Each structure stands twice: as structure tokens, then as C-alpha cells.
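Chemist: Got a predicted model here, sequence first, then my questions.
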Amino acid sequence: MTKPDSPSTGTTQRLVDLDLAHCWHPFTPQALWGKEAEILMIESGSGVWLTDTLRRRYIDGNSSIWVNIHGHSHPHIVRAIQQQAATICHSSYLGFAHPLASLLAERLVSLFPGRPLSRVFFSDDGSTAIETALKMAFQSCSQTPGKEKRRHFIAFSNCYHGDTMGAASLGGVSTFFSRFRGFGMEVRHVRDMEDLRSLPAETIESTAGIVIEPIIQGVNRMTPWRAGLLRELRDFCTHHDIFLICDEVMTGFGRTGKMFACMHEGVTPDFLCCAKGLTSGYTPLAACLTTEKIYNSFLGAYSDNKSFYYGHSFTAHPLGCAAALASLDVFEQEHVLEKLPPKIDLMRSLAESLHKRNLHVAATRSIGLITGIDISHADGSPYAQDDRAGERACIAMRKHGLLTRPVTHDTIVLMPPLCISEHELRLAFDAIDSGIRDALQGELE
Ligand SMILES: Cc1ncc(COP(=O)(O)O)c(C=O)c1O
């Protein structure tokens, strides 16, 4: 870390004062904001490094909330956005098309051999990609003879699929969603395949779709599914004529070591939702991919009123499409997926060694370039939610040059951009180790 640059301290303080006076941050207890930890003003980024207005540098340990793939300020992506901005920033996708959306749709469809997901519906972020899939599944059933009574959804306990009302009604984490129950979709939650198979026939027969975060549940402490579950779920859905909706908002674009997580089990869903990493996190853009069969259920005479009634002002935003196309170029030009296996192995071994050497690390779980680190008291007993141990440890990591956040109160996430080097990965684990020790050591010992 470089030393704070004192001449800009005043400017930073002014910006912080403005934030405190006028801004409102997501998922944030605003009464405590700025009181327990310094407010960092992130000003610039390069590769995996972020720099704040006081010129301090940090490794972006959670890819700026799980979005960044190729690192910040990648010249190819920046150039593509600049070129598009100089051409046109936005045009309506309602009633018109534009070149980059056509090209991007074709590139996305081609990511699956044989192109089983041949149609792309663009939106703005992960939540709206999920809303798209839910509404499409629902409306498709309502206008397909024999499927009209399929109006409900099944999701998994502890799942997270976003915060708009429809997506939130799927959510299985009660802290986030319990106060919004009763709005949105009618959803049944199941723990696993056994639970799913034990549902009454009338529930199965009235289900339009089953939604899953494939391979790993993110907000649920970065918990992997058991191997084979996704394939079994695909077979179950096919058998019962239920749509399988894979939420690849977090897992998409290489995060788990393959382009999409469902590819680990050779599964093609009926709907695949992606967002965050689609543009390498450079601009908001999301996509819901689906099959020609589902698309066809929306075709008919004008008077049949089968149009998909959904969309937003910024659907298929040209700057987002430019960023996404450039990001896909980078995957090819820099052989990003091919370079991942040694980094994935290193991440797993660094996580294991952290577990061995730090008494406050109770367990670690890694998939691809994602690691969840569970912390506990040194004697192994769990922290209470109000201890906010994960938060305190992450704040302490800042001075060791790493920014990340916990999911839940006691699981810390390390999910850096895929371009991270082996050296930077080691630095990140050292910072996690030191931050945990600074914040938690000596408490109960
Ligand atoms: C699996 C999953 N689905 C959906 C979302 C919602 O995405 P967004 O925050 O872009 O609306 C997230 C966000 O973290 C996510 O992890």
C-alpha cells in the first residue's frame, strides 16, 4: 500500500460528507455507516487492483461484488466501450434492433455446443434476468395447452436469486426475504432432491419451473451442491415437464472453472440467466437464454396476445453489449479458461493451508476461483450474528491491502477476477490471514 496522499485528504473528506449527507447504500445499516469503519472512496482500478482517493491500493478480493472477470480497465474492453460511446450510447430495443445486440446474441448462443439455447432476452442485472425467466416460464405455461395450471415455482432452501419482488420471492435466506413474503410468485422451498421427490403430485403438477444456483450456492456461505445433483434435477424436470432455470448470475463466465457452471454436469437448462460477469462487470447488462421451443410458445396471431410482456428502457444497452462482446474476445485471445486450472489448484491449497495455520478458520470451501472461509472463535465455537466477526475481519484486511465482504456473519468470500496472478493470490491469502488475526485474535484465548 502506498501512503495516503495528504493534499487530497480534504477532497476525500468532502466526498465522504456528501455521501453521509445524501447517499443510501444497499444492504447497509445506515445508522452505523461511516461510524465503525472508514468510508473508502474507490476511484480507479487496474487489473485486480483498486485505488482509493487517498491513493491506497487494494486487491479486489470479491471482484467488486462478484462481477469483474478480466480485471479493471482492460484496454480491449475499455476501447470497445469508448468506440460504442462515440457511435451511440443508447437506442431503444423496443421497436428497433441494433448491431451489437445481434452479434452478442449469436456469440452467447454459440457458447453451448449444438446451440440448444437459441434465443436471448436481454435485461439489466441479475434480478431482472431472473424476473425474465420466471415471467417467461409462467407465461409460456399459461399459453401452452395442457400446461395452463403450472403457475408455481420451486426453489432451494438458502438460495439467493436477487431482490426485485419476483426474484426475492424465490429467496431462501430469511434475513433478506422474510419481510417480503406474500408478494411476488408462489414458491415452495426444498432442501435437496430427496425433499423434492417427496412433494405431493399436485405440487409437482402445478409447478412451472425449478430454480437453482448450479454447482454452488453463493449467498449460502459459498456452499457447493453434491456432485450429480444438477444432473438429477435436470432429469427430474424433464420427466415431470417442468422448466429448469439455472441462475448463473454468480457462476457464469468462468468463475467455477468452466464457462458456465451447468457445463460441469453436462446440463442444459430451459432458461439460463446471466448478468454480473457478462460484461466482465464493466456495465450493467443481463441475458436470459432459452430454447426455440419456449420461444415458439410466444408465437401466434396478433389477436392471440402472446407477446412477452416484459422489458425495460435500457434493454440490450449498446454500451453493455460492446463490453460483453469485448469480454468474450478476451476469453478467446487470452485463453482465460485454459489458464485457470493451476490458479484453481493454488487457491485450494492456499485455503487449506490457511485453515491449518489460523485457529479462527473453521473450514474452507473452494470451487473454481471462489473460496468461502468460515471463521469461528479459536476454540471452534461459532460466532453469534451480533459479533459481526466476518465484517470486522474484512475491515481489518483493508490495511493489509485486500477488499472483500463476508456472506452471512461468519463466512468470508475470496472471489478475485480471473486474471489474478499466482503472486497476487498469495498476497490475498496473506491479507486474509492477517486481517482475521488482527480482528479476532486474543478475544477468547
Ligand atoms: C446467484 C445470484 N442470482 C441473482 C443475483 C442478483 O443479481 P443483481 O444483484 O445483479 O440483481 C445475485 C447477486 O448477487 C446472485 O448471486
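Modeler: Arrived safely, thanks for sending. Nothing here was measured: the structure is a model prediction, and the numbers come from that model.
Chemist: Around the ligand, which positions in this structure sit nearby?
Modeler: Residues of the chain lying close to the ligand by CB under 6 Å from any ligand atom are 66, 125-127, 130, 160-162, 213, 218, 247, 249-250, 275-276. Placement of C-beta: from N, CA and C, glycine included.
Chemist: tell me the phi and psi of residue 421?
Modeler: Phi and psi for residue 421, reported as degrees, to the nearest 10, are phi -90, psi 170.
Chemist: swap in residue 168?
Modeler: phi -70, psi -30.
Chemist: Does it touch residue 178 like I think?
Modeler: No - using CB atoms under 8 Å, residue 168 makes no contact with residue 178, being 10.4 Å away.
Chemist: Neighbour count: those two, which is higher?
Modeler: Using other CB atoms under 10 Å as the criterion, residue 168 and residue 178 rank with residue 168 on top: 22 against 9.
Chemist: And the residue of the stretch 1-150 of the chain that's closest to the ligand?
Modeler: Among all residues of the stretch 1-150 of the chain, residue 126 sits closest to the ligand, at 2.1 Å; criterion: CB to the nearest ligand atom.
Chemist: Identify the spatial nearest neighbour of residue 116, chain neighbours not counted.
Modeler: residue 268 (4.7 Å; CB to CB, 6 or more residues apart in numbering).
Chemist: Return the helix or strand in this protein with minimum mean pLDDT.
Modeler: None of the helices or strands of the chain scores lower by mean pLDDT, DSSP states H and E than helix 174-177, at a mean of 68.
Chemist: just checking, next helix/strand downstream of that one?
Modeler: strand 187-190 (DSSP states H and E).
Chemist: How about residues contacting that next one?
Modeler: 152-157, 159, 169-170, 172, 196, 199, 203, 207 (CB atoms under 8 Å, 6 or more residues apart in numbering).
Chemist: Identify those among these that sit within helices.
Modeler: 169, 170, 196, 203 (DSSP state H).
Chemist: out of those, who has the most neighbours?
Modeler: Among those, the one with the most neighbours (other CB under 10 Å) is residue 170, at 25 neighbours.
Chemist: Run a quick check on residue 355 versus residue 363, I expect a contact.
Modeler: Yes - judged on CB under 8 Å, residue 355 makes contact with residue 363 at a distance of 6.8 Å.
Chemist: what about residue 244, is that helix, strand or coil?
Modeler: Of the three states, residue 244 takes strand under DSSP: H, G, I helix; E, B strand; the rest coil.
Chemist: How about residue 162?
Modeler: From three-state DSSP, the assignment for residue 162 is coil.
Chemist: got a list of what it touches?
Modeler: Contacts of residue 162 (CB under 8 Å, 6+ apart): 125, 126, 127, 128, 130, 131, 168, 171, 249.
Chemist: Tell me how far the first one lies from residue 214.
Modeler: Note on residue 125: its distance to residue 214, by CB to CB, to the nearest Å, is 19 Å.
Chemist: neighbour-wise, which of those two wins?
Modeler: The residue with more neighbours, out of residue 125 and residue 214, is residue 214; 27 against 21, by other CB under 10 Å.
Chemist: Return the distance of that one relative to residue 69.
Modeler: Distance, residue 214 to residue 69, using CB to CB: 18 Å.
Chemist: and what of residue 285?
Modeler: Taking CB to CB, one finds residue 285 at 13 Å from residue 69.
Chemist: Could you name every residue contacting both of the two?
Modeler: Going by CB under 8 Å, 6+ apart, no residue sits against residue 285 while also sitting against residue 69.
Chemist: Closest one to the ligand out of the contacts of strand 187-190, please.
Modeler: Nearest to the ligand among those: residue 159, at 7.8 Å, using CB to the nearest ligand atom.
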